[in-house]
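# Show me how the following folds:
(one chain, ligands or ions: 1)
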Amino acid sequence: MATVDVTVRGAGILGLSVAWACARRGARVRIVDPQGIGAGASGGLVGALSPHVPEQWNPKKAFQLESLLMAEDWWADVAATGSTSPGYARTGRLQPIADDAALTLAHQRTETAATLWPAGVLWQVIPATTFPGWSPPTPTGFLIHDKLTARIAPRMALAALKSALITKGATFATDAPDEGQTLWATGTADLTEPEHLIGTGEKGQAALLDLAAPDQPQLFIDGLHIVPHADGTTAIGSTSERSWTDPTTTDAHLDALITRARAAFPPLAGASVLARWAALRPRTKTRAPLLGPHPFRKSAFIANGGFKIGFGIAPLVGEVMADLILGNHNRIPPEMLARP
Ligand SMILES: Cc1cc2nc3c(=O)[nH]c(=O)nc-3n(C[C@H](O)[C@H](O)[C@H](O)COP(=O)(O)OP(=O)(O)OC[C@H]3O[C@@H](n4cnc5c(N)ncnc54)[C@H](O)[C@@H]3O)c2cc1C
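Residues are numbered from 1 along each chain as shown. Below you'll find the model as predicted:
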């Protein structure tokens, strides 16, 4: 008699999130990963959970928004069921505004956010003086402040999910046969399977610096994420590299990023580097997440293509995949739906 209802292959954020959503509904879950949890893109440092700009709305942005809105309760349940914290907090985000044109656009987006986002989830233009000591240099004297952005500590989040899953009776293995329904959430390895090649891996590098600002909002400056964490560190990320020789080593690209971060935000200038890290982001050909029946593994499911927002979409990915795997109920947006 089967002892497992769902076999999850891949112990990154997407695999563990689907495993959690299934286990929470009473399914018997086994997670299989030859390298243990967090060996791929999910074992990182940054953990920015931030929305797309509120304009040119599409199903992917709406999916991400729904996931960000449900994240606080979802992660609180993970923390309450297991024994460790995922390091989640909705601390918001500040962005400099470079010139008058950008200021006009920022005001327009305040109005769009008010129609696209639920009441109370604000995208505002504020004077830089609102955050003394933590305001990034901003030529107009104003900042965008969104109150939806949150942070999570990636490695703590995986550990919290593992702890919660074990509480629910889930088991972890480095090797085991398929039993019950099977989900493949194996990141870049699956996307780059030579015979099918449905995506690629895009290298990213990030660093952790010794700057304590646990209650301050994160910053987004010219594409650079600066994310203060609860433990008194601040993460900076990330590079985006299409070509590389070694996917997991850090190099001069990260040195340049650190230099740029220190110049962009003076409080980082004297902060020492505590950790450096690199990995491949799983990116599908369309850049959208790929969810649903596996396109080339018979009778299996897939959750992949988190690319740059895997942690942001994870709660909703978990729930819609559990709906599909356990209930045969499909509420995956067509733009993200994988087809066999
Ligand atoms: C530098 C950097 C910064 C980032 N910053 C952010 C951020 O701030 N916010 C955000 O939301 N996202 C961020 N991301 C993106 C995010 O990390 C990814 O989208 C996410 O981790 C992908 O998760 P995954 O579970 O799909 O894949 P992975 O984490 O890569 O997990 C795949 C797992 O599958 C396992 N595996 C491989 N082959 C097999 C097999 N045959 N059987 C079983 N298991 C197998 C691997 O060992 C691995 O553990 C960042 C990524 C990088 C690289």
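
# Return the residues of the chain in contact with the ligand.
9-15, 32-35, 39-42, 44, 46-48, 185-187, 189, 204-206, 225, 237-238, 279, 281-282, 304, 306-312 (CB under 6 Å from any ligand atom). Quick note: C-beta positions are derived from backbone N, CA and C, even for glycine.

# Select from these every entry located in helices.
Applying DSSP state H to these, the entries found in helices are Ile13, Leu14, Gly15, Ala189, Gly310, Phe311, Gly312.

# what's the farthest-apart pair in those?
Largest separation among these by CB to CB: Ala189 and Gly312, giving 21.8 Å.

# So which of the two has more stuff around it?
Gly312 (26 against 15; other CB atoms under 10 Å).

# Tell me where this protein has helices.
With DSSP H, the ranges of helices along the chain come out as 13-24, 59-81, 100-116, 154-167, 188-191, 252-264, 310-327.

# Using neighbour counts, pick out the buried residues of the last one.
Residues of helix 310-327 classed as buried by neighbour count (16 or more other CB atoms under 10 Å): 310-326.

# Over to the longest one?
Buried residues in helix 59-81, counting neighbours by 16+ other CB under 10 Å, are found at 60-61, 63-65, 67-69, 71, 74-75, 78-79, 81.

# can you map out the strands along the stretch 101-250 of the chain?
Taking DSSP state E, counting those that start in this stretch as the criterion, the stretch 101-250 of the chain contains strands spanning 123-127, 142-146, 150-151, 171-173, 181-184, 199-209, 218-221, 224-228, 234-237.

# I'd like the distance between the residue lying closest to Arg287 once chain neighbours are set aside and Pro132.
Sequence neighbours aside, Phe307 is the residue nearest to Arg287 in space, at 6.0 Å (criterion: CB to CB, 6 or more residues apart in numbering). Between Phe307 and Pro132 the computed distance is 36 Å (CB to CB, to the nearest Å).

# More neighbours: these two, which one.
The residue with the greater number of neighbours, taking Phe307 and Pro132 and applying other CB under 10 Å, is Phe307; the counts read 19 against 7.

# Present the helices of the chain as TSV; the columns should include mean pLDDT and distance to Phe142.
Listed next are those as TSV, based on pLDDT from 0 to 100; distance: least, CB to CB, whole Å:
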stretch	mean pLDDT	distance to Phe142
helix 13-24	98	34
helix 59-81	96	24
helix 100-116	95	6
helix 154-167	98	31
helix 188-191	98	40
helix 252-264	97	17
helix 310-327	98	26
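
# Give me the pLDDT for the residue of the stretch 51-200 of the chain at minimum distance from the ligand.
With CB to the nearest ligand atom as the measure, Gly187 is the residue of the stretch 51-200 of the chain nearest to the ligand, at 2.8 Å. At Gly187, the pLDDT value in this model is 98.

# Contact partners for it?
Listed by CB atoms under 8 Å, 6 or more residues apart in numbering, the contact partners of Gly187 are Gly10, Gly12, Leu14, Gly40, Ala41, Ser42, Gly201, Leu280, Pro282, Asn304, Gly306.

# Leu219 too?
Arg93, Leu94, Gln95, Pro136, His225, Ile226, Phe265.

# Can you name the residues bridging to it?
Leu94, Ile226 (DSSP bridges).

# I'd like the distance between it and Gln95.
Separation of Leu219 from Gln95 (CB to CB): 7 Å.

# got it, and Pro217?
In this structure, Pro217 and Gln95 are separated by 10 Å, where distance is defined by CB to CB.

# Check Leu254 too.
From Leu254 across to Gln95, the span is 23 Å (CB to CB).

# go on, Lys60?
For Lys60, the distance to Gln95 - CB to CB - is 21 Å.

# Alright, calling it a day.
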